[in-house]
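S.K.: here is a sequence together with a model predicted from it:
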Amino acid sequence: MSKITLVRNDFDYDLTFNVKEYDRTPYDLGSATIIFKVALPDATAVTFSGACTITDATNGVCTYTVGATDFATSAEYEAELEISGSQVITAKMDNIIVIDDLPST
C-alpha cells in the first residue's frame with residue numbers, strides 16, 4: 001500500500017476514495033452508508049470517525065471532509081471505510097502520515 005501525506009491542523013478539504021472490488025472494478029455504493037475510521041496503529045479505539053458523502057455511487061466514489069480536530073497530531077495513522085448496506089464490508093485504506101506544519105512567522 002502507498003501512503004497519503006497530510007499536514008497537521010489543515011482542515012475543511014475533501015479526501016476522495018475510490019472503492020473497488022477485488023478484481024479492481026468499481027464497487028457499487030448504491031444505498032450504502034459509509035463511515036471513515038482512523039486510528040493509531042495498535043490502538044484499542046478509533047482516533048476519530050465520520051460519515052462520507054457518496055459522490056458517484058456506480059463508480060464507487062465517496063468523500064470525507066476533514067474536520068478541524070481530525071488530524072491535530074503528527075503521526076502515522078491507519079484508516080478504513082466501513083460500508084453498510086445489505087451487508088457490512090470494511091475497505092482498508094492506505095496509511096495516512098500527518099506531518100507538522102511550518103512554524104508561524
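M.R.: Perfect, thanks for sending it. Numbers count the residues shown, from 1 in each chain.
S.K.: residue 16: what's it in contact with?
M.R.: By Cβ atoms under 8 Å, 6 or more residues apart in numbering, the contact list for residue 16 reads 55, 61-63. Yep, even glycine has a C-beta here, placed from its N, CA and C like the rest.
S.K.: show me what it is bridged to.
M.R.: residue 63 (DSSP bridges).
S.K.: please report how far it lies from residue 41.
M.R.: 24 Å (Cβ to Cβ, to the nearest Å).
S.K.: hey, which helix or strand in the chain has the poorest pLDDT?
M.R.: Ranked by mean pLDDT, DSSP states H and E, the helix or strand of the chain with the weakest confidence is strand 88-92, at a mean of 88.
S.K.: buried ones in that strand?
M.R.: Residues of strand 88-92 classed as buried by neighbour count (16 or more other Cβ atoms under 10 Å): none.
S.K.: the helix or strand that that strand is followed by - contacts with which helices or strands?
M.R.: Later in the chain than strand 88-92, the nearest helix or strand by DSSP states H and E is strand 95-99. The contact analysis (3 or more Cβ pairs under 8 Å, 6 or more residues apart in numbering; DSSP states H and E) places strand 95-99 against strand 3-7, strand 75-84.
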